[in-house]
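S.K.: after the sequence you'll find the predicted model.
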Amino acid sequence: MIVNAELYVRDMPGQLVGSLDPISLVDGNILGVVHNRDKIVNHRICINITFEVEDRDQLCRLKDIWQSKDIVISSLNSVHQTYTMDYLLIGRFDSTFIEHLIGEASKTIQMDASDVRYTSKNDRNSTRTAMISVKAHSTEDIDRLDSFLSSRCGEAGITYVRGL
């Protein structure tokens, strides 16, 4: 699991390293560090760390270590990675078709977000284009979405292009 932590350490030499070392003690992997010397509270400097651990047990051990080292944990949040894919649809469809398509797709996969833009025409018989951007939780969800869109667009006679 990917975690983001905001910590406050004493404004003394060695405190940054002292806050990072415990992550390796629990077999974690540091992904990013921001040492924010402009954000000082009660003579403590803010450090924002993004790291990866395998399970909640490691996270609990890490919290205990930080607390024993007098490191103030301001926030500790799990972060999940998303995977983005863009699709271009070309054909005869209306906004209702696109809304229904996205609604059905969201039942198929776990989407964090979707953004849809399409050309506006007044009648269903005109060729239109739609750009759909999706953020999903996994590459498997992207694969399922590809299969779903390919099937639905094929049935409707709509050209579907993946990965623009």
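M.R.: Structure received.
S.K.: which strand runs longest in this protein?
M.R.: The longest strand of the chain (DSSP state E) is strand 29-41.
S.K.: what's in contact with it?
M.R.: The contact list for strand 29-41 (C-beta atoms under 8 Å, 6 or more residues apart in numbering) reads 2, 8, 11, 16, 20, 23-24, 45-53. (C-beta placed from N, C-alpha, C; glycine too.)
S.K.: what sits up against the helix or strand just after that strand?
M.R.: Following strand 29-41 in sequence order, the next helix or strand is strand 44-52 (DSSP states H and E). Residues from elsewhere that reach strand 44-52 (C-beta under 8 Å, 6+ apart): 1-11, 15-16, 19-20, 23, 28-37, 39-40, 72, 74, 79.
S.K.: and stretch 43-61, what's buried?
M.R.: Within stretch 43-61, the residues that count as buried by 16 or more other C-beta atoms under 10 Å are 44, 45, 46, 47, 48, 49, 51, 52, 53, 58, 59, 61.
S.K.: show me what the first one bridges to in the sheet.
M.R.: Here residue 44 sits in beta bridges with residue 10, residue 41, going by DSSP bridges.
S.K.: looking at this, residue 93 is in a helix?
M.R.: No. Residue 93: not assigned to a helix; according to DSSP: H, G, I helix; E, B strand; the rest coil it is coil.
S.K.: related to what we said a few turns ago, among the contacts of strand 44-52, the buried ones, what's the ChimeraX command?
M.R.: A single ChimeraX command is used to select the members of those judged buried by 16+ other C-beta under 10 Å:
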select :3,5,6,7,8,9,10,15,16,19,20,23,28
